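Student: Structure for this input, please:
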Amino acid sequence: MLTQLRQDHANMARMLHVLQLKQKALASGERPNFQLVREVVDYILDYMEGFTVPLERVCTERLSALAPESGALTERLSSDYQALRRRLMRLSNDLDMILMDAVVPMDRFAEDLKAYLDAHRAYLRDERELLFPLIREHFNDQDLERLAQALPDGAAAQLERLQAAYPELYAELREAPEPAT
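Tutor: Numbers count the residues shown, from 1 in each chain. Modelled structure (predicted):
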């Protein structure tokens, strides 16, 4: 289960890397493929709803029973997740406006995208460095099985669909550096 969590983190890090390339292009005055950015943002939103929410729910419930001292961490992660989701929803709304040719200040959008990327990377780092060790330390096989059942199976299939629909994304994901673990 922890191997799967690490793989999911690696996939998300690659998606964030692709968004970072688009953000850097935008910051340098280029116009990235906003439809591709829209697809990546939609993928991340779906992933966060289907993966992050159940992960946090199961971990928070179980860790509160097994390691009550973890309460402050799980509460902070939950708060960070909510803030991250709000940032991403704001970006999503701005993307809708951009794709409808509405006037959206590109410098502000680029700054918001960068702030989101920094926040999401920090969130992933906290999960990897703080939450995953607690799972490894406190969860038994039954806990891991319950966690596995709470998580969706479709993340890999959705990623494959996205890669097929956007060969540019597939190429960028292949070239994205392997994230540090």
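Student: just the CA coordinates of stretch 86-106, formatted as CSV?
Tutor: The C-alpha trace of stretch 86-106 is given here as CSV (Å, rounded to 0.1, in the frame of the first residue of the first chain):
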residue,chain,number,x,y,z
ARG,A,86,-9.5,26.5,-2.9
ARG,A,87,-6.4,27.7,-4.8
LEU,A,88,-7.0,25.0,-7.5
MET,A,89,-10.7,25.9,-7.8
ARG,A,90,-9.7,29.6,-8.3
LEU,A,91,-7.2,28.5,-11.0
SER,A,92,-9.9,26.4,-12.6
ASN,A,93,-12.4,29.3,-12.7
ASP,A,94,-9.7,31.5,-14.2
LEU,A,95,-9.0,28.8,-16.8
ASP,A,96,-12.7,28.8,-17.7
MET,A,97,-12.5,32.5,-18.3
ILE,A,98,-9.3,32.3,-20.3
LEU,A,99,-10.8,29.6,-22.5
MET,A,100,-13.9,31.7,-23.1
ASP,A,101,-11.5,34.5,-24.2
ALA,A,102,-12.4,36.7,-21.2
VAL,A,103,-9.8,39.1,-20.0
VAL,A,104,-7.7,37.6,-17.3
PRO,A,105,-4.4,39.2,-16.3
MET,A,106,-1.8,36.7,-17.3
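Student: Contacts for that stretch, please.
Tutor: Residues from elsewhere that reach stretch 86-106 (C-beta atoms under 8 Å, 6 or more residues apart in numbering): 26, 34-35, 37-38, 41-42, 44-45, 48, 109, 112-113, 115-116, 119-120. To be clear about C-beta, it is placed using only N, CA and C from the backbone, and glycine gets the same treatment.
Student: Would you mind checking the residues you listed for buried ones?
Tutor: Judged by neighbour count, with 16 or more other C-beta atoms under 10 Å as the criterion, the buried members of these are 26, 34, 37, 38, 41, 44, 48, 109, 112, 113, 116, 120.
Student: just checking, the last one touches residue 81?
Tutor: No - at 9.9 Å, residue 120 and residue 81 do not qualify as touching, with contact defined as C-beta atoms under 8 Å.
Student: where do the contact lists of those two overlap?
Tutor: Joint contacts of residue 120 and residue 81 (C-beta under 8 Å, 6+ apart) do not exist.
Student: now residue 97: how far from residue 36?
Tutor: For residue 97, the distance to residue 36 under the criterion C-beta to C-beta, to the nearest Å works out to 17 Å.
Student: Specify which residue of these two has the higher count of neighbours.
Tutor: Counting neighbours by other C-beta atoms under 10 Å for residue 97 and for residue 36 shows that residue 36 has the greater number, 18 against 12.
Student: What helix or strand is that one located in?
Tutor: When secondary structure is defined by DSSP states H and E, residue 36 falls within helix 34-47.
Student: next structured bit after that helix?
Tutor: Downstream of helix 34-47, the next assigned helix or strand under DSSP H and E is helix 53-66.
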